[in-house]
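1. below is the sequence, then the predicted model.
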Amino acid sequence: MVQRVATVAFEGIEARAVDVQVQVAPGLPAFNVVGLPDKAVSEARERVRAALVASGLALPARRITVNLAPADLPKEGSHYDLPIALGLMAAIGAIPADALSGFTVLGELGLDGSIAAVAGVLPAAIGANARGEGLICPGACGAEAAWASPEMEIVAAASLIQLANHFRGTQVLARPQPKVREASDALVDLKDIKGQESAKRALEVAAAGGHNLLMVGPPGAGKSMLAARLPTILPPLTPAELLEVSMIASVAGEIEGGALTDRRPFRAPHHSASMPALVGGGLRARPGEVSLAHHGVLFLDELPEFQPQVLDSLRQPLEIGEVAIARANHRVTYPARFMLVGAMNPCRCGRASEPGFACKRGANARCAADYQGRLSGPLIDRIDLHIEVPAVTAADLILPPPTEGSREVATRVARARAMQAERFATLGLPQLRTNAHAHGPLLEEVSRPDANGLALLRDAADAMRLSARGYHRVLRVARTLADLDGADKVARASRRGAVLSRARRRGSPRGVKTRRPHNRRSATSSTRWLSTLVKMRSARCRVGKMFSRRLTRLMRRQIDVAVSIASASDSVAKR
C-alpha cells in the first residue's frame with residue numbers, strides 16, 4: 001500500500017504541488033528517496049529516522065521507498081522532512097491513514113522530534129487554500145500561514161508528538177492567529193535634517209511618483225540621512241502589495257516570528273555585493289535585493305564603487321519590474337518593482353565641487369568625469385531625478401529644527417498617490433499605482449503638454465540630448481509635480497521643474513562655449529618661453545634642455561636683428 005501526502009515545491013514565489021508517495025514493502029531494510037531530490041532532501045532520511053526514534057517510534061525492518069512526484073521537478077529544501085515523516089507514520093499505523101487527506105504539509109524536523117520553521121510557508125498556504133486544502137506547518141510559522149485565509153484550516157505544531165496526539169483526538173491544537181509586527185518607536189524623521197530644502201523637495205517628488213533618484217554631493221552632506229528617511233514619507237502597503245512583498249520575504253526566510261508589516265521594505269546592500277546577491281541567483285535561485293525591495297526602496301550608497309557588471313544588471317529590472325533567473329534545468333522569475341535611490345560623491349576624494357580645491361590627480365573636471373564615468377549611460381538614463389546635495393554650512397546646523405517633518409510630507413505624498421491611483425482606475429488600469437509605471441501612449445495621454453510646454457520640451461530635448469526614455473521620464477516627473485500641486489493639467493512650471501531635475505553636470509550643453517587651457521607650445525614670445533624655461537629648470541626636467549636651446553636660438557636672432565638695426569642707425573646718423 002502507498003501512503004500519499006501533499007506538499008509543495010517552490011518556483012520563484014509560486015508553490016507547485018508535489019505528491020509524496022511512501023511505500024513500506026517487504027525486502028531488505030532500506031530507506032530510499034527518489035524524485036530528483038537535492039542534498040538537503042536526501043539527508044531527510046537520517047533526520048526522519050532520528051525524529052521518529054525520539055518520538056517513541058521505530059522504523060520497520062522493511063524496504064522503505066519515498067517518491068517525490070512529479071519526478072522531473074527539482075526538489076530543494078528541508079521542508080520535505082515533515083511530509084515524509086507523517087507519511088511513514090500513517091503507513092505504519094501511528095496515525096489514522098486518512099488523517100492527512102486534504103492537507104498540504106511542510107516543515108523541517110530536528111533530531112529530537114521537534115518541528116523547525118521553514119521558508120515559504122505563506123506561498124504554500126496560499127497555494128493550498130486555492131486548491132481547497134488545509135495546511136500543516138511548524139508552530140513558529142502558524143501566524144504567517146494564518147494570513148492566507150480566515151476560513152482555512154491550519155494545524156501548527158511544535159513536535160511530532162503534538163501532531164500524533166492531535167490526530168488521535170487526545171490533544172486539540174488551536175488555529176493560529178495572524179500577527180502584525182509593530183513599528184519601531186525610534187523611527188527617523190525629516191526633522192532631523194537641517195538645511196537641504198531642495199533635496200527634501202526632490203525626495204518628496206520621488207516618493208509621490210515612485211521615481212528613481214540620484215544624489216551627488218560631498219561626504220557628510222546628508223545623502224544617506226535623506227535616503228534613510230524616504231520610507232517615513234511613503235504610504236503604507238496596500239493589501240495586494242502586502243501580499244506580494246510578504247510572499248517574497250517568506251521564500252527568502254525574512255519573516256520573523258510569522259508577523260507581517262505594512263511598512264515598505266528598505267534595502268541598503270554594501271557596495272561589495274555580487275550580482276547574485278543583488279538580482280538573485282545562487283544554487284537555489286533565491287531572490288536578490290531587487291526583489292526583497294519590491295514595492296519599496298533599494299538604496300545603493302557609494303554607487304560608483306559597485307562593480308560595473310552588477311550595476312548594469314539593474315537595467316532590465318528597472319525597465320520591466322521583474323527579474324528572470326535562468327538555469328540549465330529551470331527558470332525562475334521574481335517581481336522587482338522598486339525605487340532606486342543612489343548616492344555618490346562627485347569624485348573619489350569627494351571635493352571636486354569645493355571652491356578653491358585642486359585635486360592631486362589632475363584637473364577637478366577630469367577627476368570628476370573619470371569617477372562618474374564608472375556609471376554606464378543606459379543606467380543613468382533610467383534615473384528620473386538627478387540632484388546635487390551641497391555641503392551643509394555651520395549656519396544651517398545652528399538653526400532650530402524645521403517645523404515640517406515626515407508626517408506633513410507623507411500627507412502630501414499620499415494625496416498625490418491617491419490622485420494617480422484614481423486616474424489610472426478611471427482609465428481601466430487599476431494595476432497601475434504611480435506615474436513611474438505609466439508607459440507609451442498612456443503616459444502621453446495623462447501628461448499631454450500644451451503649446452508652451454511642447455516648445456519647452458522640444459528645446460530641452462535638443463539642448464540636453466534626451467533619449468526617448470529620458471523624454472518620457474521628464475513627462476512622468478512633470479505629471480507628479482502637477483499631482484503634488486493638485487492640478488489636473490500639467491502646467492509649464494511643472495514641466496520646467498521636471499526638466500531641471502533631469503539636468504546634471506556631465507559636460508556643457510549645446511551652445512555654451514568653454515574656455516580651453518592655454519597650449520604653451522603655441523606661444524611665440526620670448527617672455528613665455530623664458531617663464532616655461534624657468535619652471536622646467538627648477539624641476540630639473542630633461543625637456544628644459546630643449547626649451548633652453550630653442551630660447552638661445554631665438555635670443556641670438558633677436559640680438560642679430562638688434563645689431564643690424566643699430567648699425568643701420570649709426571650709418572644714417574653719420575650721413
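-> It's in. A quick note: this is a predicted structure, and the numbers were derived from the prediction, not measured.
2. spit out the contact partners of Leu230.
-> Leu203, Ala206, Ala207, Phe266, Val297, Phe299, Met339, Val341 (Cβ atoms under 8 Å, 6 or more residues apart in numbering). To be clear about C-beta, it is placed using only N, CA and C from the backbone, and glycine gets the same treatment.
3. which secondary element of this protein has the worst mean pLDDT?
-> Sorting the helices and strands of the chain by mean pLDDT, DSSP states H and E puts helix 526-538 at the bottom, at a mean of 39.
4. returning to that earlier point: of the contacts of Leu230, grab the buried ones for PyMOL.
-> To isolate the buried subset of the contacts of Leu230 in PyMOL, counting by 16 or more other Cβ atoms under 10 Å, use the following:
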select buried, resi 203+206+207+266+297+299+339+341
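5. now the contacts of Leu230 as a markdown table including pLDDT, secondary structure and distance to Ile95?
-> As requested, the contacts of Leu230 are exported to a markdown table (pLDDT from 0 to 100; DSSP: H, G, I helix; E, B strand; the rest coil; distance: Cβ to Cβ, whole Å):
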| residue | pLDDT | secondary structure | distance to Ile95 |
| --- | --- | --- | --- |
| Leu203 | 95 | helix | 57 |
| Ala206 | 95 | helix | 56 |
| Ala207 | 96 | helix | 53 |
| Phe266 | 95 | strand | 45 |
| Val297 | 97 | strand | 48 |
| Phe299 | 97 | strand | 50 |
| Met339 | 96 | strand | 50 |
| Val341 | 97 | strand | 53 |
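6. which of the contacts of Leu230 sits closest to Leu397?
-> Leu203 (19.6 Å; Cβ to Cβ).
7. wait, isn't the closest one in contact with Leu226?
-> Yes: with contact defined as Cβ atoms under 8 Å, Leu203 reaches Leu226; the gap is 5.7 Å.
8. ramachandran coordinates for the closest residue to Ala206 other than its chain neighbours?
-> Spatially, and ignoring its direct neighbours in sequence, Ala206 is nearest to Leu213 (4.4 Å; Cβ to Cβ, 6 or more residues apart in numbering). Dihedral pair for Leu213: phi -140, psi 140, per degrees, to the nearest 10.
9. among the contacts of Leu230, which one lies nearest to Arg47?
-> Closest to Arg47, out of all of these and judged by Cβ to Cβ, is Phe266, at 36.5 Å.
10. give the contact list for the closest one.
-> So Phe266 contacts Ala228, Leu230, Pro231, Ala293, Gly296, Val297, Phe299 (Cβ under 8 Å, 6+ apart).
11. need the max-distance pair from these.
-> Ala228 and Ala293 (14.1 Å).
12. more crowded one of the two?
-> Ala293 (27 against 19; other Cβ atoms under 10 Å).
13. my read is that the more buried one contacts Ala268, right?
-> No: if you go by Cβ under 8 Å, Ala293 and Ala268 don't touch, sitting 9.3 Å apart.
14. quick one, domains of this structure?
-> With domains defined by automatic domain parsing, the chain comprises 2-180, 190-408, 438-502, 524-574.
15. poorly predicted segments of this protein, please.
-> For the chain, the stretches flagged by pLDDT under 70 are 183-186, 492-575.
16. can you list the strands that the strand ranked longest in it pairs with?
-> In terms of residue count, the longest strand belonging to the chain (DSSP state E) is strand 14-25. Taking DSSP bridges as the criterion, strand 14-25 forms sheet pairs with strand 2-11 (antiparallel), strand 63-69 (antiparallel).
17. nearest to Gly220, out of these?
-> Nearest to Gly220, of those and by Cβ to Cβ, is strand 2-11 at 44.1 Å.
18. please compute how far that closest one lies from its chain's middle.
-> Centre-to-centre, strand 2-11 and its host chain are 33 Å apart (Cα atoms, centre = their mean, to the nearest Å).
19. do stretch 405-417 as well
-> Averaging C-alpha positions (Cα atoms, centre = their mean) puts stretch 405-417 23 Å from its chain's average.
20. the stretch 351-500 of the chain: helices as residue ranges?
-> 364-372, 377-381, 394-397, 406-426, 440-446, 451-464, 468-484, 492-502 (DSSP state H, counting those that start in this stretch).
21. save the ones you listed as a markdown table, and put in mean neighbour count too.
-> Converted to a markdown table, these look like this (neighbours: other Cβ atoms under 10 Å):
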| stretch | mean neighbour count |
| --- | --- |
| helix 364-372 | 17 |
| helix 377-381 | 14 |
| helix 394-397 | 10 |
| helix 406-426 | 17 |
| helix 440-446 | 13 |
| helix 451-464 | 15 |
| helix 468-484 | 22 |
| helix 492-502 | 20 |
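22. what sits against Arg351?
-> So Arg351 contacts Pro218, Phe357, Cys359 (Cβ under 8 Å, 6+ apart).
23. now do Leu122
-> Contacts of Leu122 by Cβ under 8 Å, 6+ apart are Glu144, Ala145, Trp147, Ala148, Ser246, Met247, Ser250, Ile255.
24. could you rerun that using 6 Å?
-> Glu144, Ser246, Met247, Ser250 (Cβ atoms under 6 Å, 6 or more residues apart in numbering).
25. helices - which of those residues land there?
-> Counting by DSSP state H, the contacts of Leu122 place Glu144, Ser246, Met247, Ser250 in helices.
26. looking at the residues you listed, which one is closest to Leu82?
-> The nearest one, if we look at the ones in helices among the contacts of Leu122 relative to Leu82 and count by Cβ to Cβ, is Glu144, at 15.7 Å.
27. spatially nearest residue to that closest one, not counting backbone neighbours?
-> That would be Gly258: by Cβ to Cβ, 6+ apart, it lies 3.6 Å from Glu144.
28. tell me the spacing between the one you found and Ala119.
-> 12 Å (Cβ to Cβ, to the nearest Å).
29. do the same with Arg473
-> Where Ala119 is concerned, Arg473 sits at a distance of 37 Å (Cβ to Cβ).
30. for Pro218, same thing?
-> Pro218 is 42 Å from Ala119, by Cβ to Cβ.
31. contact partners for Lys200?
-> Contacts of Lys200 by Cβ under 6 Å, 6+ apart: none found.
32. can you do 7 Å?
-> Each residue near Lys200 by Cβ atoms under 7 Å, 6 or more residues apart in numbering is listed here: Leu190, Ile193.
33. that one in helix, strand or coil?
-> Three-state call for Lys200 (DSSP: H, G, I helix; E, B strand; the rest coil): helix.
34. that one and Lys223, how far apart?
-> From Lys200 to Lys223 the distance is 12 Å (Cβ to Cβ).
35. same check on Gly35?
-> 51 Å.
36. more crowded one of the two?
-> Lys223 (26 against 21).
37. so Thr480 touches Val205, yeah?
-> Yes: with contact defined as Cβ atoms under 7 Å, Thr480 counts as touching Val205 (5.7 Å).
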